[in-house]
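Participant: Coordinates only, no sequence provided:
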């Protein structure tokens, strides 16, 4: 009995949230009909890749518990863990290689293979290797399982190669595509996969998870719950000090911008505004995280401006600030800021100066009707 209980802790019972997705996976296992192609789709951080790898273990387990779970202790379960560790190590090593030609040299795929972007994309060589190996019999496991995480990043030149595999599915291989938005994939790809949808995890589940973890001080737990927005990964990795540090420049930017918009100052405090812009763009490699923080604050402002809905606010500890900013920015100001962040996101992809983009955004919005009319012709 003890062995069974400890084994169960290794299986699907440990998965947090999205019970309907777990039930769907267990139903496939119980019926012995795991499809050749699956699509796990839903918000980031809710366990799509985790459940895909659990399924990969379960289809290969020697002693599946009740036929719908994996033991985690048998030889094949242990071998699956070794393969997964090796494939992650290989991905990390390849990402460190600067020479593009050498990044994909010597690709070797195991029976259980995690395929992720090596650069911004999953490269054509990665999908070509998948196609070569998919039609061969597994060496050490019962079934090959390829988990393609962030499938929307597959390079456009590799899409047709993947489609050919899906059109002629191998008998001994299952492909699991993982992505946040299924509509980022080509319709012909989606139509050849059985979809397993995921949803944001219930707030009460996130709250219990944070409480049981005991890592986050009680005073900050509700903030962590709100910021997680149904993401188990975000809840587990939430660091109050780092979060506040990243958010500080946005507070300075929005406070300065809002004060200028409500004409408290005869001349906008450009120095403070530009200092905040500089702080937001100092770490270029983390600008995507910076933009996400900005979007989170703007979502809060939208809730207050459009609905007056404080229960939906994520940055609950900033509620007095958010009320004031929402009052003085109004719907037009918030919409303008969001449009500016969208533009900053597009410019980032094109490697355009990020700081200049934020400063230009502030100047353009402050010179609109309703904001101060004076300001420098160009950023200082």
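Facilitator: Good, I have the coordinates. The model shown is predicted, which means the values in this text are computed figures rather than measured ones. Residues are numbered from 1 along each chain as shown.
Participant: CA atoms for contacts and neighbours, from now on please.
Facilitator: OK.
Participant: Could you list the domains of the protein?
Facilitator: Domain assignment for the chain by automatic domain parsing gives 2-197, 239-366.
Participant: Strands of this protein, start to end?
Facilitator: 37-41, 112-115, 144-149, 173-179, 194-197 (DSSP state E).
Participant: If I look at residue 265, what pLDDT would I see?
Facilitator: Looking at residue 265, its pLDDT reads 43.
Participant: I meant residue 352, not that one.
Facilitator: 48.
Participant: follow-up on the earlier one: so can I have JSON lines of the strands of the chain showing distance to residue 221?
Facilitator: What follows is the strands of the chain, written out as JSON lines (distance: least, C-alpha to C-alpha, whole Å):
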{"stretch": "strand 37-41", "distance to residue 221": "28"}
{"stretch": "strand 112-115", "distance to residue 221": "33"}
{"stretch": "strand 144-149", "distance to residue 221": "30"}
{"stretch": "strand 173-179", "distance to residue 221": "29"}
{"stretch": "strand 194-197", "distance to residue 221": "28"}
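Participant: could those strands go into TSV alongside mean neighbour count, distance to residue 17 and mean pLDDT?
Facilitator: Converted to TSV, the strands of the chain look like this (neighbours: other C-alpha atoms under 10 Å; distance: least, C-alpha to C-alpha, whole Å; pLDDT from 0 to 100):
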stretch	mean neighbour count	distance to residue 17	mean pLDDT
strand 37-41	24	15	97
strand 112-115	24	23	97
strand 144-149	25	20	97
strand 173-179	25	17	97
strand 194-197	17	12	97
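Participant: Where do the helices of the stretch 201-350 of the chain begin and end?
Facilitator: Per DSSP state H, counting those that start in this stretch, the stretch 201-350 of the chain carries helices over the ranges 203-213, 218-228, 232-237, 240-261, 270-280, 287-302, 319-349.
Participant: Kindly report the same for the stretch 51-200 of the chain.
Facilitator: 75-95, 124-134, 156-167, 187-190.
Participant: what's the closest of the ones you listed to residue 341?
Facilitator: Closest approach to residue 341 among the helices of the stretch 51-200 of the chain is made by helix 156-167 (26.3 Å; C-alpha to C-alpha).
Participant: give me phi/psi at residue 110?
Facilitator: Main-chain torsions, residue 110, degrees, to the nearest 10: phi -80, psi 180.
Participant: Does it touch residue 85 like I think?
Facilitator: No: between residue 110 and residue 85 there is no contact under C-alpha atoms under 8 Å: 10.9 Å.
Participant: who's in contact with the closest residue to residue 203 other than its chain neighbours?
Facilitator: Ranked by C-alpha to C-alpha, 6 or more residues apart in numbering and with sequence neighbours excluded, the top spatial neighbour of residue 203 is residue 230, at 6.2 Å. For residue 230, the contacting residues are 46, 200-203, 206, by C-alpha atoms under 8 Å, 6 or more residues apart in numbering.
Participant: make it 7 Å
Facilitator: Shown in contact with residue 230 (C-alpha atoms under 7 Å, 6 or more residues apart in numbering): 200-203, 206.
Participant: How about residue 122?
Facilitator: So residue 122 contacts 116, 153-155 (C-alpha under 7 Å, 6+ apart).
Participant: on that earlier part again, which one of the helices of the stretch 201-350 of the chain lies nearest to residue 76?
Facilitator: helix 232-237 (27.5 Å).
Participant: contact partners of that closest one?
Facilitator: For helix 232-237, using C-alpha under 7 Å, 6+ apart, the contacting residues are 45-46, 206, 210, 224-225, 228.
Participant: Return a PyMOL selection command for the buried portion of those residues.
Facilitator: One line in PyMOL is enough to select the buried members of these, burial here meaning 16 or more other C-alpha atoms under 10 Å:
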select buried, resi 45+46+206+210+224+225+228
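Participant: wait, which of the contacts of helix 232-237 is closest to residue 25?
Facilitator: Using C-alpha to C-alpha, residue 46 is the member of the contacts of helix 232-237 that lies nearest residue 25, at 15.4 Å.
Participant: Setting the sequence-adjacent residues aside, check what's closest to the closest one.
Facilitator: What sits nearest to residue 46 in space, not counting adjacent residues and going by C-alpha to C-alpha, 6+ apart, is residue 231, at 5.1 Å.
Participant: ok, that neighbour touching residue 42?
Facilitator: No: contact criterion C-alpha atoms under 7 Å: residue 231 and residue 42 do not qualify, at 10.6 Å.
Participant: Spit out the contact partners of the residue nearest the centre of the chain.
Facilitator: Central residue of the chain (C-alpha atoms, centre = their mean): residue 44, 3.8 Å from the mean position. By C-alpha under 7 Å, 6+ apart, the contact list for residue 44 reads 180, 231.
Participant: before we move on, back to that, scan the contacts of residue 230 and report the most crowded one.
Facilitator: In terms of neighbours by other C-alpha atoms under 10 Å, these top out with residue 206 at 26 neighbours.
Participant: tell me the pLDDT at that residue?
Facilitator: For residue 206, the predicted pLDDT is 96.
Participant: Tell me how far it lies from residue 251.
Facilitator: To residue 251, residue 206 is 26 Å away according to C-alpha to C-alpha, to the nearest Å.
Participant: try residue 80
Facilitator: Plainly put, residue 80 is 46 Å away from residue 251 if you go by C-alpha to C-alpha.
Participant: Contacts for stretch 140-152 next, please.
Facilitator: By C-alpha under 7 Å, 6+ apart, the list of residues contacting stretch 140-152 reads 49, 52, 56, 60, 76, 111-116, 138, 172-179, 184-185.
Participant: picking up where we left off before, if you count surrounding residues, which of residue 231 and residue 42 has more?
Facilitator: More neighbours surround residue 231 than the other of residue 231 and residue 42, with 23 against 19 (other C-alpha under 10 Å).
Participant: just to revisit the earlier point, from the contacts of residue 230, pick the one nearest residue 322.
Facilitator: Closest approach between these and residue 322, by C-alpha to C-alpha: residue 203, at 22.1 Å.
Participant: Residue 71 versus that closest one, what's the distance?
Facilitator: Remark: distance between residue 203 and residue 71 (C-alpha to C-alpha) = 30 Å.
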